[in-house]
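Undergrad: Here is a sequence with its predicted model. Questions after.
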Amino acid sequence: MIVVADTSPVLHLARIGRLDLVRAVLGPVVIPRTVWAELIQPGTRAEVAATIRAAAWIEVMDDPELRDLNLDPGETAAILLATALHADAILIDERRGRSVAGERRRSHLDVGVPGRGGRCDVVERRRQRSPVRA
């Protein structure tokens, strides 16, 4: 299964010490280089950046050819990479990003959405997994 992640879900789970949930539920994930840069920027707390760097199951890939989706650069890169890779899911939390990903959705791309209140809903093509409570 190919899963692409945006910045916020990875960053927030790393901040609360639960980045392991992503791997436990989804397995390895792919992130575009723009998302990596957002995760490991100078303002990221050292322990959070160290947790993210230590996650060997996160694969960083070059950004796809970027197009303007009227989103922030990380969301744009994640959605375009998920489309280019024919990903099974994308882990994204911002409402506008979810909407754009849904609009761009093809039969091979569904949207994984971390929701509010510590809940992470992952919607796969076959809808095989249930929500996980963090």
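TA: Ah, there it is.
Undergrad: use CA for all of it now, contacts and neighbours both
TA: Noted.
Undergrad: Tell me where the longest helix sits in this structure.
TA: helix 73-85 (DSSP state H).
Undergrad: Give me the helices and strands touching the next helix or strand after that helix, please.
TA: Where DSSP states H and E defines the elements, the next helix or strand beyond helix 73-85 is strand 89-91. If you count contacts as 3 or more C-alpha pairs under 8 Å, 6 or more residues apart in numbering; DSSP states H and E, strand 89-91 packs onto strand 3-5, helix 73-85, strand 112-114.
Undergrad: May I have the secondary structure class of V30?
TA: With DSSP: H, G, I helix; E, B strand; the rest coil as the basis, V30 sits in strand.
Undergrad: pLDDT score for it?
TA: Per-residue pLDDT puts V30 at 97.
Undergrad: correct me, but it touches E59?
TA: Yes. V30 is within contact range of E59, at 4.7 Å (criterion: C-alpha atoms under 8 Å).
Undergrad: Just want to know which of these two has more residues nearby.
TA: The residue with more neighbours, out of V30 and E59, is V30; 23 against 14, by other C-alpha atoms under 10 Å.
Undergrad: What is the burial count for L21?
TA: 17.
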